[in-house]
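> sequence and computational prediction follow.
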Amino acid sequence: MDIAVFLKEKISKITEFAQATFKKDFIIGLDIGTSSVKIAQFIKKEDGLHLVKADLKEIKQSEDSALREQEIVSALKDLFRGIDLRKSKIIASINCPKTAIKTAKAPYMPKAELRDGISLEAKNYFPFPIDDSLLDYEILGDVVEKGIRKYEVAVSVSPKPTIEKCLSLLEKAGIKPASFVPSSYALQKVAQELSIEEEKTQCFVDIGKLHTELIICKGKYLLFSRKIPVAGDEFTKAMTGALVSDRGKTELTLDEAEKIKQETGIPFEAEAKIIEDKISTTQVLSMLRAPLEQLVSEIERCFDYYREESGGGRIDSLVLFGGGASLGGLIKYLSEGLGIEVKLGDPLERLILEENAVSERGKVSYRLGLAIGAGLTEAKGINLLPPEIKEETKRVVKRGTLEAIATAAILILAFIYIGMRIQLNNFQKRITVAERELKSLQPQLKDVQAQILADKLKAFEPYWEDIFKELGNIIPDNIYLTELSMENKLIRMKGIVTSVEKEELLSNFILALGKGIFNNVKLVTSKELEEKTANKFELTCWVD
């Protein structure tokens, strides 16, 4: 095998090895909710992201924070069992009342100065203090306002205690996150994945146990984002109030209210039956009416704000995600109250699914929205991890890359040495064969050489007897003269050298000539023959 081809192949394999060592094969979106933990595991293939696994684990509710933490850590370990964390990039969706994202305009300036500029102005973007919050941003593009060029940016904040709490939970589960993204940002990524018609404006709402996120998108672009102060717990708590009827006084516990809410949903007004021998459907509807009306009112406020900002823009449809979206009758109630199409979202709708990626898809897919959205976020998008952790990650990657390069360099040198040894052995074998052939031809070569020289020198002046004697005394066995001529005392010699140490032998021959009757000996040319077993040379010198 040619040494260049050999080395090329080895270097290619080393490069592939180094890339594979630090490449993250999997992207995992993670959503640590109040009532469940959800993950979505993706793998990159030539045709895009493939969903390998999507699953959730329910969390037992407890007033004891330590027990609740143990439940979450246990759920995380169960969901990540069998997953190679070293080969996985984990992106977690985080949420709390003061975790939010806003779109804003920033003055055009060098990007190195942009973060400081946004940090100074960010307090004007959010309706709550952000002094104790971590901030990050993403440049969405350039805009021109009144002839002035500006950046359009998405700015996100989250309180440090929220970030620290999530980091602590993940650390106890043995998980190192690559990125933290706000839940509204994750919801936006799901919206972008589901949006087909660029001109269609849709509202996406994720109703969790404690938090409800609302975003409005036109095609793939985020136009509006807001938290709504009505979530699943508001419906449950509304059903725990004391009721007095002809059956006496009734008061449901939280667990009883949650069970009835999940089994009954929003009763139709025409219905009138007793549930659990405690409460009627009419009473359930009466207790749920307040949070339902508040939810519709809050969504309408968002729609009104959008219409005002867009000059009369219309919302085409509303898509629901999250555990709270499963409340029976909610879709019908919202559709009638808002006067638009409302449907239950399926974040898996446009994804490429690997076999057995999701169990009981119809029962869980709408709850996986934030986990899937987190997995779909871009590598260079918003990341609310603390700066010191980001820097540590960069240092680890840089150090690992340098180690891989050093390893690759050592291996390359080793392969070069091995390759050169192989090539040298091949040359030595060929030289040995050639020397044997030349040795067998020496008698004939000497006779031919003598005849040629004699013929060529018959017409020249006498010095040749001394020259021949001198040459006979100093010429080595591995040097053969093929031509000898003299003009005006300038002697020109041509010949070949057959030896592994060709250069050294020729150099010694030139020195020997200069010590005898020959003056000013010069090497005119020295060229390796095609067979690489000998050198062809030409010398010039003077004789007195």
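Nice, I can see it. Residues are numbered from 1 along each chain as shown.
> give me phi/psi at Lys160?
phi -60, psi -40 (degrees, to the nearest 10).
> could you find the closest non-adjacent residue to it?
In this structure, Lys160 finds its nearest non-sequential neighbour in Asp132, 5.5 Å apart by CB to CB, 6 or more residues apart in numbering. Where you see a C-beta, it was placed from the backbone N, CA and C, and this is true even at glycine.
> cool, and Glu152?
The nearest residue in space to Glu152 (CB to CB, 6+ apart) is Leu140, at 4.5 Å.
> I'd say the one you found and Thr103 touch.
Yes: Leu140 is within contact range of Thr103, at 7.0 Å (criterion: CB atoms under 8 Å).
> between those two, what contacts are shared?
Here Leu140 and Thr103 share the contacting residues 152-154, scored by CB atoms under 8 Å, 6 or more residues apart in numbering.
> dump those residues to CSV, plus pLDDT.
Formatted as CSV, those follow (pLDDT from 0 to 100):
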residue, pLDDT
Glu152, 91
Val153, 92
Ala154, 92
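> mark which of those residues are buried, thanks.
152-154 (16 or more other CB atoms under 10 Å).
> which residues in the protein form helices?
3-22, 65-80, 111-121, 160-172, 183-194, 232-238, 254-264, 281-310, 330-338, 361-364, 369-375, 387-457, 464-474, 502-515 (DSSP state H).
> quick check: which of the ones you listed is nearest to Ile215?
helix 183-194 (5.6 Å; CB to CB).
> can you give me the buried ones in that closest one?
Applying 16+ other CB under 10 Å to helix 183-194 flags 183-191, 193-194 as buried.
> do the same with stretch 273-288
In stretch 273-288, the ones that count as buried by 16+ other CB under 10 Å are 275, 279-285, 287-288.
> which one of those residues is nearest to Val230?
Of those, the one sitting nearest to Val230 (CB to CB) turns out to be Leu288, at 11.4 Å.
> contact partners for the closest one?
235, 238-239, 266.
> how many other residues sit next to the nearest residue to Phe321 once chain neighbours are set aside?
Once flanking residues are discounted, Phe321 sits nearest to Gly369: 3.7 Å by CB to CB, 6+ apart. A count of nearby residues for Gly369, using other CB atoms under 10 Å, gives 33.
> quick one on the thing from earlier: roughly how far does the residue nearest to Lys160 sit from Pro159?
6 Å (CB to CB, to the nearest Å).
> tell me which of those two has more neighbours.
Pro159 (20 against 10).
> tell me what the more buried one is bridged to.
Residues in a beta bridge with Pro159, per DSSP bridges, are Ser133.
> thought Ile94 was touching it, still the case?
No: the criterion here is CB under 8 Å, and Pro159 misses it with Ile94 at 9.9 Å.
> any chance of the buried residues of helix 183-194 in TSV with distance to Glu483 and pLDDT as columns?
Shown next, in TSV, are the buried residues of helix 183-194 (distance: CB to CB, whole Å; pLDDT from 0 to 100):
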residue	distance to Glu483	pLDDT
Ser183	91	95
Ser184	90	94
Tyr185	85	94
Ala186	86	95
Leu187	90	95
Gln188	86	93
Lys189	82	94
Val190	87	94
Ala191	88	93
Glu193	82	91
Leu194	87	89
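> just curious, which of those is nearest to Tyr125?
Closest to Tyr125, out of all of those and judged by CB to CB, is Ser184, at 13.4 Å.
> once you drop chain neighbours, what's closest to Glu58?
Ser36 (5.0 Å).
> would you check how far apart the one you found and Val524 are?
Applying CB to CB to Ser36 and Val524 gives a distance of 89 Å.
> so the two - more neighbours on which side?
Ser36 (20 against 11).
> quickly list what the nearest residue to Ile331 once chain neighbours are set aside is bridged to.
Spatially, and ignoring its direct neighbours in sequence, Ile331 is nearest to Val342 (5.0 Å; CB to CB, 6+ apart). Val342 has these beta-bridge partners by DSSP bridges: Leu318.
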